[in-house]
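Asker: Could you look at this predicted model? Sequence included:
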Amino acid sequence: MKEEKKKIEFLEEFIDAVEQKGLTIGSREIPFFTEMLTYMNQEDEPSIIFPYIKGNIKVNGYFYDEESANLSLYVIDYDINFDEGTLPETSKTKLTEIANKAKRFYTNSNGIYHSASDGVEFRELARFITNNRNTIDEVNIYVLTTRFYLTNKPVEVNIPGVETVNVHIWDMDRVYRLSEAEQGIRDFDIELEADYNQSIEMVNVPKKGNHLNDYDFDCYIGYIPAALLAKLYDDWGPKLVERNVRSFLQARGGTNKGIRDTLRDPIQRDMFVSYNNGISSVAKDADISRIGDNNLYRITRITSWQIVNGGQTTASVHQAYKSGVDLKDVYVQAKLTILKVSEQDEDRYKLEDEIVSKISEYANTQNKINKSDLLANTRFMSDIEKLSRSIWIPSLDNRKEESKWYFERARGQYMVDISRRKKGKEQNSFKKIYPKENVITKVDLAKFFMSWEGFPHISSKGGEEAFKQFMNVNSRFWKVNTNEMGESTSLEEIDSDFYKQLISRKIINSYVTDIVNEMNLKGYRANVIYYTVAMLGHIYGSQINLIEIWESQRVPNQWDSIVKIIAQNALNYLRDSAGDRNVTQWAKQAACWDLFKKESTAVLSQLI
């Protein structure tokens, strides 16, 4: 019951934040979509559109990967009609119904395209599907719901003419578990022998006695029965992949398609261990005994076992298990690293994070890793977090400062911080100091920074790419480099002014966003905002003092009319210059920004 109560409180805070943002946009589904994307680790952010809803047809966003010929469709189930204090659940039947709405957009795209007006965002998607139907190999349907899907049974949908259709469910239970995972992992024991009547046999990897690192470890290599791995995942769920920065709970993409097909085919099934790279895992401790005089060891208990690479393999094996596939005689090769970090070591969590991140990054060859997750624990990120907890927002009427900005270094950190406090006075006091509207995530911080600095095409690519470039630009604060003499360069420290200027970029972005929302421009809202902010900074940046914006916590009204003109110009430019290209994909290219500057700078420079 305690866990259920925490989930309900998490959902209430999540929905409350979405509702506040939705008031300014006129749609709750767009801020819900945006908020969910922060948890979804999309390598390329989808195009978010005002939802197309007609009968049993609906779509909220899309993305097309030309290299793999994969089309992703996003559909939202924003249902907040549930009894207060109860956990709102959903079912496989309901989710299948929602996924089919996106399917029908695909199958009815030709009619939608020819009946829609020019300039409407969803018409571009309908046109693309109509013109490329024969080249699309795979369709991924993402269902984003405000409810909890506790059974986690695979949802299946078929589309005529499409070889592979994957349905991915992103429910509030999944989001809750991810937010909990990023706040710190609680120790737990898996009793293999006592609870599963099995053990794992592995070979110990020899190592030299001297250690140059701050940490020590033992490494074992072997295999684990696929059925046991599936059962463990079924029982322990996301706990096993809390540290896996690319974990997915359902099969997706070309890699997992191969895993799934191999497990389903009785002839290929026994070749699984040869085809698949297996899993890399870490643990804090284990009961390990030597078998005879050989270099073979039996493992009967594992403490805080984490699969740091191979989350998709694990999820695919589990999905096959839940679908009734016979996993007898199927094995998964495995590597287990026992971390030897003293419980008394004050930096033990930092050391664990360091080695786990390296194992994840170096072992992961099948899927890219999100730099925003790997670099969340850098000193640079920690320093920004500390400054946000210590620097008060200036009071404009000589009263005592009452609030601060809240930098969210880990996803869901704000809501977890609230849940750790007693409901009522403690939570209200926390929210007064850190209002919801003052929460800023690391990827949003990156997008706002890159836009103002003249890289709107980077921000248009999404939070992940923006964060990577943001960290590159600011590498002097966190990355130790060596010169030609082999000498290490010292790291610079950020100061309060650096932090204040970061927040000022957020204030500018919010200011432009509010104006664009009031203008009610039709289409490509996010791209228009990024390009407007970038052009404002490009032309008038020398006249806008970031520290002054911090002091007043606002942008002077004198810029209102100028921002409106730039925004309208940006929208017209993006549409006209794209030609037959997808507008959102065109906005992600440096050539798009360069041409915008070339064509519009002279005219827009005359606004003052």
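Answerer: That came through, no problem.
Asker: Give the bridge partners for residue 301, please.
Answerer: residue 191, residue 287 (DSSP bridges).
Asker: wouldn't it be in contact with residue 193 here?
Answerer: Yes: between residue 301 and residue 193 there is a contact under C-beta atoms under 8 Å: 7.0 Å. For the C-beta atoms, the positions are set from N, CA and C on the backbone; glycine is no exception.
Asker: The two: which is more packed in?
Answerer: A count of neighbours by other C-beta atoms under 10 Å puts residue 301 above the other of residue 301 and residue 193, at 18 against 14.
Asker: Let me see the ranges of the helices in the stretch 451-600 of the chain.
Answerer: 456-460, 463-473, 496-519, 525-540, 546-552, 560-578, 583-587, 590-604 (DSSP state H, counting those that start in this stretch).
Asker: try the stretch 201-350 of the chain
Answerer: Ranges of helices within the stretch 201-350 of the chain are 226-236, 253-264, 272-275, 311-322, 348-363, based on DSSP H, counting those that start in this stretch.
Asker: rank those helices by mean pLDDT and give me the bottom one.
Answerer: For those, the weakest mean pLDDT is recorded on helix 348-363, namely a mean of 52.
Asker: Could you tell me how far residue 162 is located from residue 111?
Answerer: Residue 162 is 18 Å from residue 111, where distance means C-beta to C-beta, to the nearest Å.
Asker: Tell me which of the two has more neighbours.
Answerer: Ranked by neighbour count (other C-beta under 10 Å), residue 162 and residue 111 place residue 162 first, with 17 against 12.
Asker: Is the residue nearest to the more buried one when sequence neighbours are not counted in a helix, a strand, or coil?
Answerer: Closest residue to residue 162 apart from its sequence neighbours, by C-beta to C-beta, 6 or more residues apart in numbering: residue 139 at 5.2 Å. Using DSSP: H, G, I helix; E, B strand; the rest coil as the criterion, the local structure at residue 139 reads strand.
Asker: Was I right to think residue 139 contacts residue 68?
Answerer: No: the criterion here is C-beta under 8 Å, and residue 139 misses it with residue 68 at 11.7 Å.
Asker: More neighbours: these two, which one.
Answerer: Per other C-beta under 10 Å, whichever of residue 139 and residue 68 has more neighbours is residue 139, with 21 against 11.
Asker: and the more buried one, what are its bridge partners?
Answerer: residue 71, residue 165.
Asker: Can you tell me how far residue 73 is from residue 130?
Answerer: Distance from residue 73 to residue 130, by C-beta to C-beta: 14 Å.
Asker: do the same with residue 442
Answerer: 39 Å.
Asker: out of the two, which sits in the more crowded spot?
Answerer: residue 442 (25 against 14).
Asker: What does that one show for phi and psi?
Answerer: phi -70, psi -40 (degrees, to the nearest 10).
Asker: the domain parsing of the protein - what is it?
Answerer: Split into domains by automatic domain parsing, the chain comes to 2-177, 183-369, 376-608.
Asker: Which of those has the lowest mean pLDDT?
Answerer: Taking the mean pLDDT of those, domain 183-369 comes last: a mean of 74.
Asker: shouldn't residue 336 be in contact with residue 278?
Answerer: No: in this structure, residue 336 is not within contact of residue 278 by C-beta under 8 Å, at 11.0 Å.
Asker: So which of the two has more stuff around it?
Answerer: Neighbours were counted for residue 336 and for residue 278 using other C-beta under 10 Å; residue 336 has more, 25 against 22.
Asker: Against residue 300, how distant is the closest residue to the more buried one other than its chain neighbours?
Answerer: Of all residues not flanking residue 336 in the chain, residue 220 sits nearest, at 4.6 Å (C-beta to C-beta, 6+ apart). For residue 220, the distance to residue 300 (C-beta to C-beta) stands at 13 Å.
Asker: Looking at the two now, which is surrounded by more residues?
Answerer: The neighbour count for residue 220 versus residue 300, taken as other C-beta under 10 Å, is higher for residue 220 (23 against 17).
Asker: mind listing what the more buried one touches?
Answerer: 202-205, 288, 297, 299, 335-338 (C-beta atoms under 8 Å, 6 or more residues apart in numbering).
Asker: and if you look at residue 9?
Answerer: The neighbours of residue 9, taking C-beta under 8 Å, 6+ apart as the test, are 418-419, 423.
Asker: For these, give me JSON lines that also has neighbour count.
Answerer: Putting the contacts of residue 9 into JSON lines (neighbours: other C-beta atoms under 10 Å) gives the following:
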{"residue": "418", "neighbour count": "20"}
{"residue": "419", "neighbour count": "20"}
{"residue": "423", "neighbour count": "11"}
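Asker: Nearest to residue 474, out of those: which one, please.
Answerer: Set against residue 474, the nearest of the contacts of residue 9 by C-beta to C-beta is residue 418 (29.3 Å).
Asker: Look up how far residue 21 lies from that closest one.
Answerer: Noted for residue 418: a distance of 17 Å to residue 21, by C-beta to C-beta.
Asker: do the same with residue 323
Answerer: Distance check for residue 323 against residue 21: by C-beta to C-beta, it reads 38 Å.
Asker: Same check on residue 281?
Answerer: In terms of C-beta to C-beta, residue 281 sits 39 Å off from residue 21.
Asker: if you count what's nearby, which of those two comes out ahead?
Answerer: residue 281 (26 against 18).
Asker: And that one, how far from residue 117?
Answerer: From residue 281 across to residue 117, the span is 54 Å (C-beta to C-beta).
Asker: dump the residue contacts of residue 574.
Answerer: 524, 527-528, 531, 583, 586-587, 592.
Asker: Tally up the residues packed near residue 479, please.
Answerer: Residue 479 has 14 neighbouring residues, counting by other C-beta under 10 Å.
Asker: Is residue 45 in contact with residue 458, as I believe?
Answerer: No: using C-beta under 8 Å, residue 45 is not in contact with residue 458; the gap is 11.7 Å.
Asker: can you pull out the strands in the stretch 151-300 of the chain?
Answerer: 164-170, 189-191, 200-204, 216-225, 279-283, 285-290, 296-303 (DSSP state E, counting those that start in this stretch).
Asker: Identify, out of the ones you listed, the most deeply packed stretch.
Answerer: Among the strands of the stretch 151-300 of the chain, strand 279-283 has the highest mean neighbour count (mean count of other C-beta atoms under 10 Å), at a mean of 23.
Asker: Please, which helix or strand holds residue 44?
Answerer: If you go by DSSP states H and E, residue 44 is not part of any helix or strand.
Asker: cool, and the one 5 residues further on?
Answerer: Secondary structure assignment for residue 49, by DSSP H and E: strand 47-54.
Asker: Can you give the distance from that strand to the centre of its chain?
Answerer: Offset of strand 47-54 from its chain centre (C-alpha atoms, centre = their mean, to the nearest Å): 21 Å.
Asker: Show me what the very next helix or strand once past it pairs with in its sheet, parallel or antiparallel.
Answerer: Per DSSP H and E, the first helix or strand lying C-terminal to strand 47-54 is strand 57-65. Here strand 57-65 has these sheet partners by DSSP bridges: strand 47-54 (antiparallel), strand 70-77 (antiparallel).
Asker: which residues sit against the strand holding residue 49?
Answerer: 27, 29-30, 33-34, 58-63, 76, 105, 112, 121-122, 125, 523, 525-526, 582, 584.
Asker: Those residues, buried ones only, as a PyMOL selection?
Answerer: In PyMOL, this line selects whichever of the contacts of strand 47-54 come out buried by 16 or more other C-beta atoms under 10 Å:
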select buried, resi 29+30+33+34+58+59+60+61+62+63+76+105+112+121+122+125+523+525+526+582+584
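Asker: hey, where'd the strands end up in the stretch 351-500 of the chain?
Answerer: Under the criterion DSSP E, counting those that start in this stretch, the stretch 351-500 of the chain contains strands at 406-408, 439-441.
Asker: Tell me which of the ones you listed is the most buried.
Answerer: Comparing the strands of the stretch 351-500 of the chain by mean count of other C-beta under 10 Å gives strand 406-408 as most buried, with a mean of 23.
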